[in-house]
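In: sharing a model that was predicted from the sequence below.
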Amino acid sequence: MDLRVQEYVVAIQKYGNMTEAAEKLFITPSALNQQLLKLEKELGMPLFTRSKRKMTPTAAGLAYLEGAHHMLAIRQEVYTKLQDMAECVTGNYRIGLTYDHGTSVFARIYSTFHRQYPGIQMRCFQMLVPEMLEQLEKNELDIVFLLGGCGETWPGLDTMPLSEENLLLGVPRMHPLAKDAPFSDKPLPAFDLRLLKDEPFSLALKKSTMRSQLVDPVFQHAGFEPDIMVESSFNGFLEQLTSQGICCTIIPESQVSDRQNVAWFYLEDQPRFCFSVAKAHDYALNNALRYFVQLAREDAKKHLDFPPPQS
């Protein structure tokens, strides 16, 4: 099913210039330009307006691109069906992994997946959710793991929930508000976060979905800006700083490991943190990827799923 011309036009739209689009297509910019000129001559109208910095689709270009995306989606769906008929013995897939959650789940399930589908190759890319969404939109990833607030919608994506958990406030045991806190395997009741307004915090990166959708609103509701000492994507590092009495932190419940040196509390707003797998609406999953998602769901339910605080 030869749809190279459609792929060319879609790539020009995605990357906005000939040079980057040609690089992704493994052809020269001049060859790509000749293909576009030939198509525009055939159609009798330009598909892009050209400038030094960016190529922008014209009205005719947008109409052509709508059809091109549809044709490429049909091809992908047909190939998926053929792969399933052939029992999906080979294939190469690109997986977007979130820090901590995505990487830990993948590490635990991949050997089981590989035993079932030894001919399937997976290339993994670890990045923040906003970066993965951009890569998914450009079809540079096939499926991705997402982290965000429960109920969050992701336009243009089909999401498959895996687990839900609480965000917890960690306070060093040497702190006056935590030194008398009981040792418990379960989080302690929430207290007024404003009591920590003068304390330093270590938090997730500002551009992460955990910060923008969950952590920042917690402080906004408390009415103060936290004194942020460290930002990191690694929850273990945030917890380690708190264990040493350096600062307070907020991390997902599944990432808590040190209850000896840190007292963990629910937050007053009771924010829930959701973990899911996502794909583009028009991307059809074959049997192999459906099995991969099934394994991820079973693993997340076992390791990353926690009930909400009891009222």
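Out: Sure thing, it's come through.
In: in the stretch 1-150 of the chain, what spans have low per-residue confidence?
Out: 1, 76-77, 79-89 (pLDDT under 70).
In: can you map out the strands along it?
Out: Using DSSP state E, counting those that start in this stretch, the strands of the stretch 1-150 of the chain run over 48-50, 55-57, 91-97, 120-126, 143-149.
In: please identify the most buried of those strands.
Out: Among the strands of the stretch 1-150 of the chain, ranked by average contacts under mean count of other Cβ atoms under 10 Å, first place goes to strand 143-149 (a mean of 23). (Each C-beta comes from the backbone N, C-alpha and C, glycine too.)
In: packing partners of that strand?
Out: strand 91-97, helix 101-116, helix 129-137, helix 209-210, strand 272-280, helix 287-303 (3 or more Cβ pairs under 8 Å, 6 or more residues apart in numbering; DSSP states H and E).
In: and the nearest residue to residue 67 once chain neighbours are set aside, how far is that from residue 70?
Out: Computed as Cβ to Cβ, 6 or more residues apart in numbering, the closest residue to residue 67 that is not its neighbour in sequence is residue 6, at 7.9 Å. The gap separating residue 6 from residue 70 is 9 Å, by Cβ to Cβ, to the nearest Å.
In: please apply the same query to residue 132.
Out: From residue 132 over to residue 70 the distance is 24 Å, taken as Cβ to Cβ.
In: neighbour count winner among these two?
Out: Between residue 132 and residue 70, counting by other Cβ atoms under 10 Å, residue 132 is the more crowded of the two (25 against 12).
In: test my guess that that one contacts residue 143.
Out: No: counting by Cβ atoms under 8 Å, residue 132 stays clear of residue 143, with 9.9 Å between them.
In: okay, and the common contacts of those two?
Out: Jointly contacting residue 132 and residue 143 under the rule Cβ atoms under 8 Å, 6 or more residues apart in numbering are residue 96.
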